[in-house]
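>>> Provide a 3D model corresponding to the input given below.
(2 chains)
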Amino acid sequence: MSYATEKLTEEKVFKDPVHRYIHVKDRLIWDLIGTKEFQRLRRIKQLGTTFLTFHGAEHSRFNHSLGVYEIVRRIVDDVFKGRPEWNDDDRLLTLCAALLHDLGHGPFSHSFEKVFGLDHENFTKKIILSNTEVNNVLRRVSDDFPKKVEEIIAKTSKNKLVISLISSQIDADRMDYLQRDAYFTGVSYGHFDMERILRVMRPREDQVVIKQSGMHAVEDYIMSRYQMYWQVYFHPVTRSAEVILTKILHRAKALYEASYQFKQAPAHFYSLFKGEITVDDYIHLDESIVLYYFQMWQWEEDEILSDLAQRFLDRHLFKYVEFDPAKEYKKLSELSILFLKAGIDPEYYLVVDSSSDLPYDFYRPGEEEERLPIHLLSKNGEVRELSRESSIVDAISGKRRTDHKLYYPANLLHDEGPHKEIKKQIRKLLDLE
Amino acid sequence: MLKDHAKIIHAIAASDEIVGRKKLQKMIYIAKKINYPFHEKFAFHFYGPYSEELTLRIEELCNMGFLNEIKEKKGGYYQYRYTLTESGTEFLELNEVNMPHLKDCLVDMNEQSARFLELVSTVLYFEELPKEEVKEKIFTLKSKQRYTEEEINQAYHYIDALNTKAAILS
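Below is the predicted model of the structure:
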């Protein structure tokens, strides 16, 4: 028996609050879960700073990755198996890509990517292709298997059907994170009838399509997604924590570049600061390491770093006001000047943050759009784009919602010190009085 | 603060006008790959590297009234023409962007076809692979575009020329 087809003597199951059980029968999948690069995902939270708003949101990327694997396993083993359009030789490739799709995520990915110019997709690729435990396991299938898995995750494979299972407007990734994030945050928005959607998925040459009879379940899924983005993912308090986290990293980097002597040398950050981070450095960076430095930095001499680290750890976050960049960018310049006069560095303490979401969009023939639409399959075999059939989806198609907020440290604007008058002007401009 | 917005406005101002969303995407991607500090994140899509963040930023800048977007019917399809508005010029004056000689590179790219820039950006996306593998990728993933070997070689030469231009000028 080859490694690719080897089964465990007894099926393993993981208890899971979202899917009840996650089933593993393949030796390859079991071995991948056991690698240190995959185990590292236990130490990276799925929702970054969201736990500061929704205290239950402590779940990890490990949970989510297993969840995506389980959804894909159900699709390929229970729904697609035996269908002429599905090639069962792609089964393991699909399962591995599902399991490993987030492998390159680092701690607080969004902020780290922004400050240090990183790209988690690039690290996923590097971890799969370089000399790692994951690579060693994948190579036991064949020498080119790691590359095939990486190409599915990077969407550069010619196998569009498998790509669409992992990454499209209705994919296993989204179906897992919406339900999982709803469960752990405790909100009631992210629920939809996934069982129904899975039952009506059908493989086609270029993508997964949905039987027309499943349209209402898909409508529900799109609405759930819309609600989750605005109620959870873009929550203004979570964004405030993320703004502070980003500014801590900016400050630490700026201090390093200015040859500042840290009390506790941030050894784990040096390669990041220099822009020379290796796969090995990256794998060793997890949230416990980052939070350890934040603990240390609250005792630093540098007032900005120390203040920001304390704010993050003690949850003394920035407050916010609504901000319209088109009408208020001049006001922003005025505020920057006043902040400087008041001795508050606007680079770290006056931040515009924007969130934006497009719940669903479709490719209109002849337009230069690049989003793969959801297609419905009618009884006569015709395939039609979702928004042409669903008036609910049509109503929100292509409609982007954007929200801008201006974040500031409220406690620094209310003292009776030497800058009392300037601070009063700032409060007035921010409409705080 | 709004620096990333200012950089995109600066790029469009430097190009005078950009016709086509695909062209705009590819120009910014190529500029980013030759080390100009654009922070929009790109992933591989139908037409090669594509950035959802950039699409969003352009939409925002149009909504803010800093960019002018004109939808034009051209043959069987629509295309979009982007220019700066007066407010955009004013915004840029208040938010100076320092990207030395980006203009020369963008003007050069703007003279190329969107089809060719799609090829150049795809070559850059796979730049870590050996040339033969890049060719294979292009023939497989971009089979509908029917790029020839000669065009792929031209793309490589073009990247060298752009890099030289950016290096000499900066």
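>>> And for A:His414, the neighbour number?
Per other C-beta atoms under 10 Å in any protein chain shown, the neighbour tally for A:His414 reads 12. For glycine as for every other residue, the C-beta is placed from the backbone atoms N, C-alpha and C.
>>> ditto for A:Ser2
Counted with other C-beta under 10 Å, the neighbours of A:Ser2 add up to 8.
>>> Kindly provide the distance from it to A:Arg27.
10 Å (C-beta to C-beta, to the nearest Å).
>>> what's the answer for B:Ile12, then?
Distance from B:Ile12 to A:Arg27, by C-beta to C-beta: 54 Å.
>>> Ok, B:Thr164 next?
Distance from B:Thr164 to A:Arg27, by C-beta to C-beta: 52 Å.
>>> go on, A:Phe51?
35 Å.
>>> could you pull out the strands for chain B?
Along chain B, the segments classed as strands by DSSP state E run B:18-19, B:43-45, B:48-50, B:67-74, B:77-84.
>>> Nearest to A:Phe262, out of those strands?
Closest to A:Phe262 of these is strand B:43-45 (C-beta to C-beta; 35.5 Å).
>>> Centre of the chain to the closest one, how far?
Taking C-alpha atoms, centre = their mean, to the nearest Å, one finds strand B:43-45 lying 14 Å from the centre of the chain it belongs to.
>>> Kindly report the same for stretch B:23-41.
6 Å.
>>> Can you give me the end-to-end span of that stretch?
This stretch, stretch B:23-41, spans 16 Å end to end (C-alpha to C-alpha, to the nearest Å).
>>> buried stuff in that stretch?
Neighbour counts using 16 or more other C-beta atoms under 10 Å in any protein chain shown place B:23-34, B:36, B:38, B:40 of stretch B:23-41 among the buried residues.
>>> Quick one: mean pLDDT for that stretch?
For stretch B:23-41, mean pLDDT is 94.
>>> Is that stretch positioned near chain A?
Yes. Stretch B:23-41 reaches chain A (C-beta under 8 Å from any C-beta of the partner chain) through B:39, B:41.
>>> Also stretch B:83-100?
Yes. Contact of stretch B:83-100 with chain A (C-beta under 8 Å from any C-beta) involves B:87, B:91, B:94-95.
>>> From the buried residues of stretch B:23-41, pick the one nearest A:Phe192.
B:Glu40 (30.9 Å).
>>> so what's the nearest residue to B:Val123 once chain neighbours are set aside up against?
Leaving aside its chain neighbours, B:Val123 sits nearest to B:Ala155 (4.7 Å; criterion: C-beta to C-beta, 6 or more residues apart in numbering or on different chains). Residues in contact with B:Ala155 (C-beta atoms under 8 Å, 6 or more residues apart in numbering or on different chains) are B:116, B:119-120, B:123.
>>> Pretty sure A:Ser354 sits in a helix.
No. In this structure, A:Ser354 is strand, not part of a helix, as judged by DSSP: H, G, I helix; E, B strand; the rest coil.
>>> Around it, count how many other residues there are.
18.
>>> quick one: it and chain B, what's the gap?
As defined by C-beta to the nearest C-beta, to the nearest Å, A:Ser354 lies at a distance of 7 Å from chain B.
>>> ok, now A:Ser240?
Counting by C-beta to the nearest C-beta - A:Ser240 and chain B are separated by 16 Å.
>>> The residue most central in space within chain B: what's its closest spatial neighbour, skipping adjacent residues?
Centroid check for chain B by C-alpha atoms, centre = their mean gives B:Met27 as the closest residue, at 1.4 Å. Leaving aside its sequence neighbours, B:Met27 sits nearest to B:Met109 (C-beta to C-beta, 6+ apart; 4.8 Å).
>>> The one you found and B:Tyr29 touch, don't they?
No. Using C-beta atoms under 8 Å, B:Met109 makes no contact with B:Tyr29, being 10.2 Å away.
>>> Leaving out chain neighbours, which residue sits closest to A:Lys424?
A:Glu433 (7.7 Å).
>>> what number of residues lie near that neighbour?
6.
>>> All the strands of the stretch 51-200 of chain A, residue numbers only.
Read by DSSP state E, counting those that start in this stretch, the stretch 51-200 of chain A holds no strands at all.
>>> which residue ranges form the helices in it?
For the stretch 51-200 of chain A, helices defined by DSSP state H, counting those that start in this stretch occupy the ranges A:61-74, A:91-100, A:109-116, A:120-129, A:133-139, A:145-153, A:160-166, A:172-185, A:194-199.
>>> Could you dump those into a markdown table with mean pLDDT, distance to A:Phe14 and mean neighbour count added?
Shown next, in a markdown table, are those (pLDDT from 0 to 100; distance: least, C-beta to C-beta, whole Å; neighbours: other C-beta atoms under 10 Å in any protein chain shown):
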| stretch | mean pLDDT | distance to A:Phe14 | mean neighbour count |
| --- | --- | --- | --- |
| helix A:61-74 | 98 | 6 | 24 |
| helix A:91-100 | 98 | 12 | 25 |
| helix A:109-116 | 91 | 24 | 19 |
| helix A:120-129 | 96 | 22 | 20 |
| helix A:133-139 | 98 | 18 | 20 |
| helix A:145-153 | 97 | 21 | 23 |
| helix A:160-166 | 94 | 20 | 23 |
| helix A:172-185 | 96 | 13 | 23 |
| helix A:194-199 | 97 | 18 | 17 |
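>>> want to throw those helices into JSON lines with distance to chain B?
Output for the helices of the stretch 51-200 of chain A, formatted as JSON lines (distance: least, C-beta to the nearest C-beta, whole Å):
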{"stretch": "helix A:61-74", "distance to chain B": "18"}
{"stretch": "helix A:91-100", "distance to chain B": "15"}
{"stretch": "helix A:109-116", "distance to chain B": "7"}
{"stretch": "helix A:120-129", "distance to chain B": "7"}
{"stretch": "helix A:133-139", "distance to chain B": "16"}
{"stretch": "helix A:145-153", "distance to chain B": "9"}
{"stretch": "helix A:160-166", "distance to chain B": "10"}
{"stretch": "helix A:172-185", "distance to chain B": "13"}
{"stretch": "helix A:194-199", "distance to chain B": "24"}
